[in-house]
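Participant: build the 3D model from these lines:
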Amino acid sequence: MTEPTDEGTAMTAAEPADDLAGAHVTHGGPSAVHRLGGVTVRKASVSGEDNNAYLVTAADGAQLLVDAADDAPRLLALVAEGSGRLDAVVTTHRHWDHHRALPEVVAATGALTLAGAPDAAELPVPAGRTLTDGDTVVVGDLTLDVVALRGHTPGSVALALTEPDDGPHPGRVHLFTGDSFFPGGPGRTTSPRDFTSLMDDLERRVFDRFDDDTRVYPGHGDDTTLGRERPHLGEWRARGW
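Facilitator: This is a model prediction of the structure:
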């Protein structure tokens with residue numbers, strides 16, 4: 001394992017499980033596409049820091065982008081890979097590398113902007129809606145649950161999407177975690193208090209709530225599952241990062 005970088009990237013992952021095949025993307029490369037019945041998740045790396053952007057497309061064509069991190073032309077091409085429309089953009093947290101392309105993407109699409117309430121004022125465009133723990137984000141046929149994960153930043157949020165009944169794993173949760181959670185541990189924090197806050201939220205709001213099948217889509221790097229990470233919670237607490 002390696003210590004998190006300033007971008008919030010956490011640790012090296014273990015060997016990938018079979019159901020995580022196809023999760024790796026590279027800057028300048030093609031999108032990874034995960035078809036969940038009527039819902040499709042597309043993943044693209046859009047920066048030299050390996051920032052991930054995720055496009056979630058509903059059966060009715062509604063689309064949600066998670067983190068307009070960089071490279072607006074690539075993000076708009078990602079939108080076009082789906083239905084071509086963009087209804088909303090959720091920014092997982094206030095750090096600059098996760099919203100560099102937000103003004104250009106919003107100007108081109110008219111999408112609603114959403115962010116965690118404590119972080120919203122730091123975005124380069126006004127948030128059309130602020131989010132708190134327990135909220136839902138509804139975009140067309142899509143409904144995602146908001147999970148606040150305080151520590152990497154005060155207003156960091158994750159989004160939980162439940163796979164529809166026509167998907168290959170009905171009821172499976174797909175969790176978009178920004179820089180709060182990665183393969184190998186929590187995201188970067190700058191004080192023991194923030195670390196404890198983030199670990200508390202991860203344990204209570206993620207690991208105690210969702211089962212091991214839950215697929216995690218982080219803000220940088222490859223995907224993981226809660227089942228792969230759960231045995232290491234005590235190790236993370238003990239090392240303090």
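
Participant: who are the contact partners of the closest residue to residue 118 other than its chain neighbours?
Facilitator: Distances taken as CB to CB, 6 or more residues apart in numbering place residue 155 nearest to residue 118, at 3.4 Å, with adjacent residues excluded. The C-beta positions use only the backbone N, C-alpha and C, and glycine is treated the same way. Contacts here follow CB atoms under 8 Å, 6 or more residues apart in numbering; on that basis residue 155 touches 93-94, 115-120, 148.

Participant: in a helix, that's where residue 73 is, yeah?
Facilitator: Yes. Assessed with DSSP: H, G, I helix; E, B strand; the rest coil, residue 73 lies in a helix.

Participant: any idea how far residue 214 is from the residue nearest the centre of the chain?
Facilitator: By CA atoms, centre = their mean, the chain has its centre lying nearest to residue 176, at 2.8 Å. For residue 176, the distance to residue 214 equals 11 Å [CB to CB, to the nearest Å].

Participant: under the pLDDT cut-off, which ranges of the protein? List them.
Facilitator: The chain contains residues with pLDDT under 70 at 1-18, 21-22.

Participant: which residues in it form helices?
Facilitator: Using DSSP state H, the helices assigned to the chain run over residues 72-81, 102-109, 192-201, 226-229, 233-239.

Participant: distance to residue 135 and mean neighbour count added to those helices, as CSV?
Facilitator: Below are the helices of the chain laid out as CSV (distance: least, CB to CB, whole Å; neighbours: other CB atoms under 10 Å):
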stretch, distance to residue 135, mean neighbour count
helix 72-81, 24, 18
helix 102-109, 20, 18
helix 192-201, 15, 17
helix 226-229, 22, 19
helix 233-239, 26, 13
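
Participant: got JSON lines for those, with distance to residue 159 too?
Facilitator: Converted to JSON lines, these look like this (distance: least, CB to CB, whole Å):
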{"stretch": "helix 72-81", "distance to residue 159": "17"}
{"stretch": "helix 102-109", "distance to residue 159": "16"}
{"stretch": "helix 192-201", "distance to residue 159": "14"}
{"stretch": "helix 226-229", "distance to residue 159": "15"}
{"stretch": "helix 233-239", "distance to residue 159": "22"}
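
Participant: list the residues that contact residue 87.
Facilitator: Taking CB under 8 Å, 6+ apart as the criterion, residue 87 is in contact with 62-64, 111-112, 139-140.

Participant: of those residues, which is the nearest to residue 180?
Facilitator: Within these, proximity to residue 180 (CB to CB) peaks at residue 64, which comes in at 18.3 Å.

Participant: I'd say that closest one and residue 142 touch.
Facilitator: Yes. With contact defined as CB atoms under 8 Å, residue 64 counts as touching residue 142 (6.1 Å).

Participant: shared neighbours of the two, which are they?
Facilitator: residue 56.

Participant: between the two, tell me which one has more neighbours.
Facilitator: residue 64 (27 against 23; other CB atoms under 10 Å).

Participant: residue 29: neighbour count?
Facilitator: Residue 29 has 10 nearby residues by other CB under 10 Å.

Participant: I misspoke; the intended subject was residue 230.
Facilitator: 14.

Participant: distance-wise, check it relative to residue 205.
Facilitator: To residue 205, residue 230 is 14 Å away according to CB to CB.

Participant: now swap in residue 20 and tell me
Facilitator: Residue 20 is 23 Å from residue 205, by CB to CB.

Participant: next: residue 114.
Facilitator: Taking CB to CB, one finds residue 114 at 18 Å from residue 205.
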